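Undergrad: Everything below, folded, please.
(one chain, ligands or ions: 2)
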Amino acid sequence: MNHTALLSPDEIRSRFSALMSEMYRQEVPQYGTLLTLVDEVNEAAVARDGALRAQFEGGPERARLDVERHGAIRLGTAQELHTMRRIFAVMGMEPVGYYDLSVAGVPVHSTAFRPVEPAALARNPFRVFTSLLRLELIADEALRETAAGILRGRHIFTPRALALVGRCEAVGGLTSDEADAFVCEVRETFRWHRQATVSAATYQQLHDAHRLIADVVCFKGPHINHLTPRTLDIDAVQAGMPQHGITPKDVIEGPPPRRVPILLRQTSFKALDEPVLFPEARDGNAGTGGQMGTHTARFGEIEQRGMALTRKGRALYDALLQRVRQADGDGSGGETQGHEQRLAQVFAAFPDDMDDLRRQGLGFFRYRLTPLGEQASGGAGMVSQDIEALIGAGLVQAEPLIYEDFLPVSAAGIFQSNLGGTQRKTCSAQAAQAAFEAALGAPVHDEVALYEAAERASLAVVKAALSDAVVE
Ligand code: OOG
Ligand code: NI
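TA: Ligands and ions are numbered 1, 2, ... in the order given. This next block holds a predicted model:
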């Protein structure tokens, strides 16, 4: 082996994702249980369903599925977000999308770091939903200053991680040994620390302002708060969780079950309250130090991914979901009952046939030559450039592009259900994408533009292959 050769970012990401999974399995044993359940359900789904079998048996789609995870972290400062972007870049992960969670009463805004090229996604689509606390949304000025002061004083990255990022940026990559060191160092940033960095009293004040603020501010680093495997049948996992001693949230977020899955369906379970240790008070809150407490930080989640939607498809999805939410009521708890029926009724208006979805321009597709198309390609002469005609002639096939991103409304539902019961503070504010990107030090990708590009590229290949084909 060549010890100076540079590793591909895809390989570094795969190593990191495997390390994270191993760490989270140790930290949150229920996550391991969930992985076993998801494996069983995926296995059964493939065995039962011919279409899934064609797509998932043996091939690269299956290899991807078995390692597919997303995680989430919450950062405290612009500087932390900026450095995190550089860290993820080493692993071929770029910021995609802007999510304003303040509309859901959560004082953060977010992006998802993930690979963007189809080949990199196929290799390992590891994503990290990354939120930045919006301190300006803390109403109490003194408390805001306290939080800012605590965050200014912490260092969430190890010196060696920072040195290796610098090295990667300077020489264009890392060797295998450097990559191994790098992923271990970065893992430290994601690790859970049961030792809080503030007194119990300060924790309580921040917690009272918003639980999430305490979660971000009171610890040494941005512990990963969940790691999510992808399932092919989320209803089966949801139903199987209680037998495995796991209690899921009441409703699955996102669209209803469909023949052609779209976007993303998610459900989660609350991890146990975890013991934390508060240091002696040194911050003016005398007499409260050195005590034990608990913190609800981490949870488990599963997801089922479906087709990415065009802007038109997404607009229809958003409109229908809005209708369901209105029918569900004000979120005071009565919404769970009947939610599934309302969801199914309202979403009857969303076409559920692959050809309809394509012809109406609602979803994104990857186009490929069929075996007949392969035979026809490379000859002389011109077949139709009309994609529907090519599909009709059996020369081209279309398969849906998987949605690789997140849904803010679902994310809000997940946040809420894990912040403990009833807390539904509002902190409605303007989206602040420009400020977020300034902190990040880069613009976020428009996710729809990425799907458009992937679809267009696949079309171009197909059309080029057939443009000089003979029609017999
Ligand atoms: C992130 C919640 C968002 C998802 O899957 O939508 C998320 C968080 O709780 O920090 O992970
Ligand atoms: Ni998640």
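Undergrad: going forward, measure contacts and count neighbours with C-alpha atoms only.
TA: Will do.
Undergrad: next SSE after the least confident helix or strand in the chain by mean pLDDT?
TA: None of the helices or strands of the chain scores lower by mean pLDDT, DSSP states H and E than helix 408-418, at a mean of 63. Downstream of helix 408-418, the next assigned helix or strand under DSSP states H and E is helix 433-440.
Undergrad: Kindly provide the whole-number mean pLDDT of that next one.
TA: In this model, helix 433-440 carries a mean pLDDT of 95.
Undergrad: From the contact counts, what lies against that helix?
TA: Helices and strands touching helix 433-440, by 3 or more Cα pairs under 8 Å, 6 or more residues apart in numbering; DSSP states H and E, are helix 78-90.
Undergrad: which parts of the helix it packs on are buried?
TA: For helix 78-90, the buried set under the neighbour-count rule, 16 or more other Cα atoms under 10 Å, comprises 78, 80, 81, 82, 83, 84, 85, 86, 87, 88, 89, 90.
Undergrad: Now do the same for the second one: its pLDDT.
TA: So that's residue 80. 98.
Undergrad: what does the fifth one give?
TA: Predicted confidence (pLDDT) at residue 83: the value is 98.
Undergrad: Closest residue of the stretch 151-300 of the chain to ligand 1?
TA: In the stretch 151-300 of the chain, the residue found nearest to ligand 1 is residue 225; the distance is 6.4 Å by Cα to the nearest ligand atom.
Undergrad: Do I have it right that that residue meets residue 75?
TA: No: at 11.6 Å, residue 225 and residue 75 do not qualify as touching, with contact defined as Cα atoms under 8 Å.
Undergrad: Which one of those two is surrounded by more residues?
TA: For residue 225 versus residue 75, neighbours defined as other Cα atoms under 10 Å are more numerous around residue 75 (24 against 21).
Undergrad: got the residue ranges for the strands in the stretch 251-400 of the chain?
TA: Along the stretch 251-400 of the chain, the segments classed as strands by DSSP state E, counting those that start in this stretch run 264-270, 274-277, 292-295, 299-305, 365-369, 396-400.
Undergrad: What of the stretch 101-250 of the chain?
TA: With DSSP E, counting those that start in this stretch applied, the stretch 101-250 of the chain shows strands at 108-114, 127-133, 226-229, listed in chain order.
Undergrad: Quick one: closest of those to residue 316.
TA: Comparing the strands of the stretch 101-250 of the chain against residue 316 with Cα to Cα, the closest turns out to be strand 108-114 (23.0 Å).
Undergrad: Can you check what angle separates the closest one from helix 78-90?
TA: An angle of 10 degrees separates the directions of strand 108-114 and helix 78-90 when computed by axes from the mean of the first three to the mean of the last three Cα atoms, to 10 degrees.
Undergrad: Report all helices and strands that strand 108-114 contacts.
TA: Packing partners of strand 108-114 (3+ Cα pairs under 8 Å, 6+ apart): strand 94-100, strand 127-133.
Undergrad: Tell me who's in contact with residue 231.
TA: Contacts were defined as Cα atoms under 8 Å, 6 or more residues apart in numbering; by that measure residue 231 touches 38, 39, 41, 42, 65, 237, 302, 303, 304, 305.
Undergrad: shaky segments in the stretch 301-450 of the chain?
TA: Scanning the stretch 301-450 of the chain with the threshold set as pLDDT under 70 gives 330-335, 379-383, 409-430.
Undergrad: what domains does the record give for this structure?
TA: Following the assignment in automatic domain parsing, the chain carries domains at 3-307+403-441, 309-350, 365-400+446-472.
Undergrad: most tightly surrounded among those?
TA: Comparing the domains of the chain on average neighbours per residue, with mean count of other Cα atoms under 10 Å, the densest one is domain 3-307+403-441 at a mean of 19.
Undergrad: From residue 400, how far off is the spatially closest residue to residue 314 that is not a sequence neighbour?
TA: Closest residue to residue 314 in three dimensions, ignoring its sequence neighbours and counting by Cα to Cα, 6 or more residues apart in numbering: residue 362, at 7.6 Å. Separation of residue 362 from residue 400 (Cα to Cα, to the nearest Å) stands at 11 Å.
Undergrad: And residue 306, by the same measure?
TA: Here the distance between residue 306 and residue 400 works out to 8 Å (Cα to Cα).
Undergrad: what sits in contact with each of the two?
TA: Jointly contacting residue 306 and residue 400 under the rule Cα under 8 Å, 6+ apart is no residue at all.
Undergrad: wait, residue 71 sits on residue 225?
TA: Yes: using Cα under 8 Å, residue 71 is in contact with residue 225, at 7.2 Å.
Undergrad: For residue 165, list the residues it contacts.
TA: With contacts defined as Cα under 8 Å, 6+ apart, residue 165 is in contact with 86, 87, 90.
Undergrad: roughly how far is stretch 25-41 from the heart of the chain?
TA: Chain-centre distance of stretch 25-41: 18 Å, with Cα atoms, centre = their mean, to the nearest Å.
Undergrad: Equivalent analysis for stretch 249-269, please.
TA: Distance of stretch 249-269 from the chain centroid (Cα atoms, centre = their mean) equals 14 Å.
Undergrad: now stretch 306-320
TA: Relative to the chain's own centre, stretch 306-320 is displaced by 18 Å; criterion: Cα atoms, centre = their mean.
Undergrad: What of stretch 236-249?
TA: Going by Cα atoms, centre = their mean, where stretch 236-249 is centred and where its chain is centred differ by 21 Å.
Undergrad: and it with ligand 1, contact?
TA: No: between stretch 236-249 and ligand 1, judged by Cα under 6 Å from any ligand atom, nothing touches; the nearest distance is 13.6 Å.
Undergrad: mind checking the end-to-end distance for that stretch?
TA: With Cα to Cα as the measure, stretch 236-249 spans 14 Å from end to end.
Undergrad: Residue numbering should commence at 12 henceforth.
TA: Let's use 12 as the start, then, which means that last one is stretch 247-260.
Undergrad: what's that stretch in contact with?
TA: Where contact means Cα under 8 Å, 6+ apart, the residues beyond stretch 247-260 that reach it are 41, 44, 45, 48, 49, 52, 242, 278, 279, 280, 281, 428.
Undergrad: any idea whether whatever residue of the stretch 62-211 of the chain ends up closest to ligand 1 is helix, strand or coil?
TA: Nearest residue of the stretch 62-211 of the chain to ligand 1 (Cα to the nearest ligand atom) works out as residue 83 at 4.9 Å. Under the three-state scheme (DSSP: H, G, I helix; E, B strand; the rest coil), residue 83 adopts strand.
Undergrad: and it, what are its bridge partners?
TA: For residue 83, the beta-bridge partners are residue 140, residue 237 (DSSP bridges).
Undergrad: Isn't it up against residue 140?
TA: Yes: applying Cα under 8 Å, one finds residue 83 in contact with residue 140, separated by 4.5 Å.
Undergrad: coming back round to it: these two touch, right, the residue nearest to residue 325 and residue 324?
TA: Yes: counting by Cα under 8 Å, a contact exists between residue 373 and residue 324, whose distance comes to 4.1 Å.
Undergrad: so what's residue 303 bridging to?
TA: According to DSSP bridges, the partner residues bridging residue 303 are residue 288.
Undergrad: give me every residue that touches residue 324.
TA: For residue 324, counting by Cα under 8 Å, 6+ apart, the contacting residues are 372, 373, 374.
Undergrad: 10 Å instead, please
TA: Taking Cα atoms under 10 Å, 6 or more residues apart in numbering, we find residue 324 in contact with 273, 330, 361, 362, 368, 371, 372, 373, 374, 375.
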